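K.L.:
please find the sequence and the predicted model below.
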Amino acid sequence: MTRADRLPYSGLSDVGRVRTHNEDAVLLSPPLFAVADGLGGHQAGEIASTVAIEELMAAAPRRADAKALGRAVRSANRAVIEAAREGYGRSGMGTTLTAAIVEGTRISVAHVGDSRAYVYHDGVLEPITFDHSMVADMVRQGTLTETAAREHPQRSIITRALGSDLNMYADTFEVDAQPGDRLLLCSDGLTSMLTDHQISDVLSSYRDPNSTSRALIDAANAAGGHDNISVVVVDISEEIPGVAEGRRPGQGWVGGLVWAFAALALVGLSFLGVYQYAQSRAYVVSEAGTVALYRGMPGSFAGIRLNWVEQETTITARSLDPVTSARLAQGIQVPSVTAGYLLLDEYRELAESLEASRALGSPDTTVAP
Ligand code: MG
């Protein structure tokens, strides 16, 4: 990256030192930024956070309008609930979501869960959000101290998340920051390992957002790395960070791709990095009427194809319900090839049960696996 390419923002997500999967997701699509921390295990958390981020991208306003951003988070909530109903992921999966739109020095935030947004101003780390967690409620009620909350055995219980309640709403905030301030979004993998004071130290020690993000992740890992760690750092100036005026991210699958490539560009990966990243991804799609699993990502990068057939199946799109079938026509991104095989299993079962109900002459209903 040349100096001219230095971006005023950066974001990274790291699996940490204990977990085997990274269920967090980070969105860098200026002026929109977000962190999501998925819950649910067995890859469901990864699905929940990815679905939430994709829907957020499609539904978010492009101006720093906190109320509209809050509505986009509600829309992301419905998308996670629908995904579980459609058999993508599993019921009970959920995710936190902390989203921000940065328009010059104006920051709007919409927030659910225990990921956080802070503004670093004049050497002080000021929280914007309040955790929706049991221990945070107890601290607010005065029955627990901040220090005791950090060690509390039930500190990971969150009281509001996306994925369960259709009436869920997001807290929204408007912040008038100043040039030179830094916006930090992070998952609890950072804040459970580092105190606000330690986070401040890192923010004051590194100027470039990319090295700041890296240093925050390294510090959380050095402190134990007990959870997935995600951070987004945005340097506030009068200018709106990022891409050409008026550009809207694509919807759904395309949105996911923009997000993936944005993240890759930011961490400064070479083509080899993109290629290796593609090999770690997978998607399920219906082509010529049948469902297939691909390793990689649709399309190409620098003229080189980035996908490889992993498995062709005899599952026909027609044998599934119309919603699933429509989503498959567009392609459904999955976090890994293994997750793709699990999804194929679910579609096989869904097709069989729909077939059975049709054979019985019952109405054509959607069966949640
Ligand atoms: Mg976490």
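P.N.:
Received, thanks. These numbers were taken from a predicted model, which means no experiment stands behind them. Numbering: from 1, shown residues only.
K.L.:
which ones are touching residue 69?
P.N.:
For residue 69, the contact set (CB atoms under 8 Å, 6 or more residues apart in numbering) comprises 60-61, 99-101, 108-110, 170, 172. In short, each C-beta sits where N, CA and C put it, glycine included.
K.L.:
what does stretch 130-138 rub up against?
P.N.:
Here stretch 130-138 has contacts from 112-114, 116, 140, 144, 149, 152, 154-161, 171, using CB under 8 Å, 6+ apart.
K.L.:
show me how to select, in PyMOL, the buried members of the residues you listed.
P.N.:
Selecting just the buried residues from the contacts of stretch 130-138 in PyMOL takes one command, with 16 or more other CB atoms under 10 Å as the test:
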select buried, resi 112+113+114+116+144+149+152+155+158+160+161+171
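K.L.:
that older thread, restrict the contacts of residue 69 to those near the ion?
P.N.:
Restricting these to those adjacent to the ion (criterion: CB under 5 Å from the ion) removes every one of them.
K.L.:
show me what counts as buried in stretch 293-302.
P.N.:
Result for stretch 293-302 [16+ other CB under 10 Å]: buried residues 293-298.
K.L.:
residue 54 against residue 79, yeah?
P.N.:
Yes: under the criterion of CB atoms under 8 Å, residue 54 lies in contact with residue 79, with a separation of 7.5 Å.
K.L.:
counting neighbours, go ahead and name the busier of those two.
P.N.:
residue 54 (27 against 22; other CB atoms under 10 Å).
K.L.:
any idea how far the ion is from that one?
P.N.:
Between residue 54 and the ion the distance is 19 Å, computed by CB to the ion, to the nearest Å.
K.L.:
how close does that residue get to residue 48?
P.N.:
Using CB to CB, to the nearest Å, one gets 11 Å for the distance from residue 54 to residue 48.
K.L.:
show me which residues of the chain sit near the ion.
P.N.:
So the chain meets the ion at 37, 187-189, 227 (CB under 5 Å from the ion).
K.L.:
if we go to 8 Å?
P.N.:
Taking CB under 8 Å from the ion as the contact definition, the chain meets the ion at 23-24, 37, 96, 114-115, 156, 187-189, 192, 227-228.
K.L.:
which of those residues fall within helices?
P.N.:
188-189 (DSSP state H).
K.L.:
which residue in the residues of the chain next to the ion has the weakest pLDDT?
P.N.:
The member of these with the lowest model confidence is residue 156, at 85 (criterion: pLDDT).
K.L.:
what segments of the protein are helices?
P.N.:
Along the chain, counting by DSSP H, helices occupy 44-59, 66-85, 134-141, 146-151, 188-191, 196-205, 209-222, 252-266, 271-280, 322-330, 337-359.
K.L.:
the second one to helix 322-330, inter-axis angle?
P.N.:
In other words, helix 66-85. For the pair helix 66-85 and helix 322-330, the angle between their directions (axes from the mean of the first three to the mean of the last three CA atoms, to 10 degrees) equals 100 degrees.
K.L.:
rewinding a little: in ChimeraX, select just the buried ones from the residues of the chain next to the ion.
P.N.:
Buried subset of those, written as a ChimeraX selection, criterion 16+ other CB under 10 Å:
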select :23,24,37,96,114,115,187,188,189,192,227,228
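K.L.:
find the nearest non-adjacent residue to residue 47, please.
P.N.:
Nearest residue to residue 47 in three dimensions, chain neighbours excluded: residue 89, at 3.7 Å (CB to CB, 6 or more residues apart in numbering).
K.L.:
one more: residue 103?
P.N.:
With CB to CB, 6+ apart as the measure, residue 64 is the residue that lies nearest to residue 103, at 3.8 Å, once sequence neighbours are left out.
K.L.:
quick check: end-to-end length of stretch 323-339?
P.N.:
Using CA to CA, to the nearest Å, the end-to-end distance of stretch 323-339 comes to 20 Å.
K.L.:
right, I mislabeled it, should have said stretch 121-131
P.N.:
Counting by CA to CA: the opening and closing residues of stretch 121-131 are 20 Å apart.
K.L.:
can you list the buried residues in that stretch?
P.N.:
By neighbour count, with 16+ other CB under 10 Å as the criterion, the buried positions of stretch 121-131 are 125, 128-129, 131.
K.L.:
where does pLDDT dip in the stretch 1-150 of the chain?
P.N.:
Low-confidence regions of the stretch 1-150 of the chain, defined by pLDDT under 70, span residues 1-6.
K.L.:
and the residue of it that's closest to the ion?
P.N.:
Relative to the ion, the nearest point of the stretch 1-150 of the chain is residue 37 (4.2 Å; CB to the ion).
K.L.:
quick check: that residue vs residue 45, distance?
P.N.:
Distance of residue 37 to residue 45, given as CB to CB: 8 Å.
K.L.:
cool, residue 99 as well?
P.N.:
Distance check for residue 99 against residue 45: by CB to CB, it reads 18 Å.
K.L.:
ditto for residue 155
P.N.:
Remark: distance between residue 155 and residue 45 (CB to CB) = 18 Å.
K.L.:
residue 178 against residue 238, yeah?
P.N.:
No: between residue 178 and residue 238 there is no contact under CB under 8 Å: 9.8 Å.
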